[in-house]
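Peer 1: next one to model:
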Amino acid sequence: MGHLDHATFGWLTPLLSYVMACIGAALALRCTLRALAATGSARRNWLITAASALGTGIWTMHFVAMLGFGVSGTEIRYNVPLTVLSLIVAMAVTGGGVFAVGYGQGRGRALALGGLTTGLGVASMHYIGMAAVRINGTISYDPLLVGLSVLIAVVAATAALWAALNIHSPVAVGIASLVMGAAVSSMHYTGMGAVKVTIAPSAGSLAGATAMQFIFPLAVGLGSYLFLTSAFVALSPTAQERADTVSAQRLPEGAAL
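Peer 2: Take a look at the predicted model:
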C-alpha cells in the first residue's frame, strides 16, 4: 500500500481549491439570476455563461486540489485526453442542470432534474479525472465512500440550483457561494478518502503529463477565465438597471408633453 498525501503543499492547495469553487459558484448564481430576469437570446447567453462558470469552477477546484496529491513510492502522471474529457463532462452536465432550471416549466421538477443531472455529472467529472491518474501500481476505491461522495455531489448541486432560484441579494449569494464551495470541496475529499493505492514498482517510465506540465497551466488559464468573467458580470448592468436607464431617458420627453 502506498501512503497517500492529499496536501503535499500544506493548506495551500485545499484553500486555493476552495476559493476557486466559491468563485465559480458565485459567478454561476449571479449569471443565473441575470438569465431568469432576461428573455430570448439574452437568457440563453447568461445560462451558457453560468454553466461555463460552474463547470470551470468545479473542475479547477478538483485539479488544483490534485496538485497537492502525492503517493509515496511512485510518481504521478495524467492522461491528457481523459483529463480534457473530465472538463468537457463538467461543462456539459452543469449546462444541462442550469438550462433545466432556466427553462423548466415546473420549478420543483426542474430543480430535482437539474440537481440530479448536475450532481451525477460532478461526480462523473471527479472519477473521470481520477481515471486519468497514472501511477506505478493500481488505484481502487471504497464503494461506501464513493456512494457518499456521489450523494454529496447531488445534494450540493440541488442546493446550488435552489439558491439560484430563490436567493437574490448580493450578501445572500455570497453566503450561498461559500456553502456551495464547502460542499464541492467535501465531495472531492470524500471521494479522495475512498482511494486505495497498491504500489507495484516498475523500471519503466510512466506515460502521460506531470501536473506541472499540464494540470497547472490549464488550471491557471481557467482560473483567469473565472476572474475575467467575474469582472465582466460585475460591470454589466442588470435588467432592472437597464429598465431604470430607459425610464430616465424617456422622462424628459414625457414631461414635455
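
Peer 1: skipping adjacent residues, who's closest to Ala100 in space?
Peer 2: In space, and not counting its chain neighbours, Ala100 is closest to Gly114: 3.7 Å by CB to CB, 6 or more residues apart in numbering. The C-beta positions use only the backbone N, C-alpha and C, and glycine is treated the same way.

Peer 1: tell me which element that neighbour is part of?
Peer 2: Using DSSP states H and E, Gly114 falls within helix 107-131.

Peer 1: can you name every helix or strand that that helix contacts?
Peer 2: Judged by 3 or more CB pairs under 8 Å, 6 or more residues apart in numbering; DSSP states H and E, helix 107-131 is in contact with helix 40-66, helix 80-103, helix 143-166, helix 170-193.

Peer 1: give me the angle between the first one and helix 170-193.
Peer 2: What separates the directions of helix 40-66 and helix 170-193 is an angle of 40 degrees, with axes from the mean of the first three to the mean of the last three CA atoms, to 10 degrees.

Peer 1: and helix 40-66, what does it pack onto?
Peer 2: With contacts defined as 3+ CB pairs under 8 Å, 6+ apart, helix 40-66 has these neighbours: helix 12-36, helix 80-103, helix 107-131, helix 170-193, helix 216-235.

Peer 1: name the helices or strands packed onto the first one?
Peer 2: Right, helix 12-36. Contact analysis of helix 12-36 by 3+ CB pairs under 8 Å, 6+ apart lists helix 40-66, helix 80-103, helix 143-166, helix 170-193, helix 216-235 as its packing neighbours.

Peer 1: so how far is Tyr18 from the nearest residue to Ala35 once chain neighbours are set aside?
Peer 2: Nearest residue to Ala35, sequence neighbours excluded (CB to CB, 6+ apart): Trp46, at 3.6 Å. Distance of Trp46 to Tyr18, given as CB to CB, to the nearest Å: 26 Å.

Peer 1: out of these two, which sits in the more crowded spot?
Peer 2: Trp46 (24 against 21; other CB atoms under 10 Å).

Peer 1: so what pLDDT did the spatially most central residue of the chain get?
Peer 2: What sits nearest the mean C-alpha location of the chain, by CA atoms, centre = their mean, is Ile58, with 2.0 Å. You'll see Ile58 listed with a pLDDT of 89.

Peer 1: what does Ala160 give?
Peer 2: 78.

Peer 1: which ones are touching it?
Peer 2: 25, 28-29, 54, 118, 176, 180, 183 (CB atoms under 8 Å, 6 or more residues apart in numbering).

Peer 1: still on that earlier bit, mean pLDDT lowest where, among the helices and strands packed on helix 12-36?
Peer 2: Across these, the lowest-scoring stretch is helix 216-235, with a mean of 84.

Peer 1: contact partners of that one?
Peer 2: For helix 216-235, contacts defined as CB under 8 Å, 6+ apart pick out 20, 23-24, 26-27, 30-31, 34, 49, 52-53, 56-57, 59-60, 63-64, 67, 83, 87.
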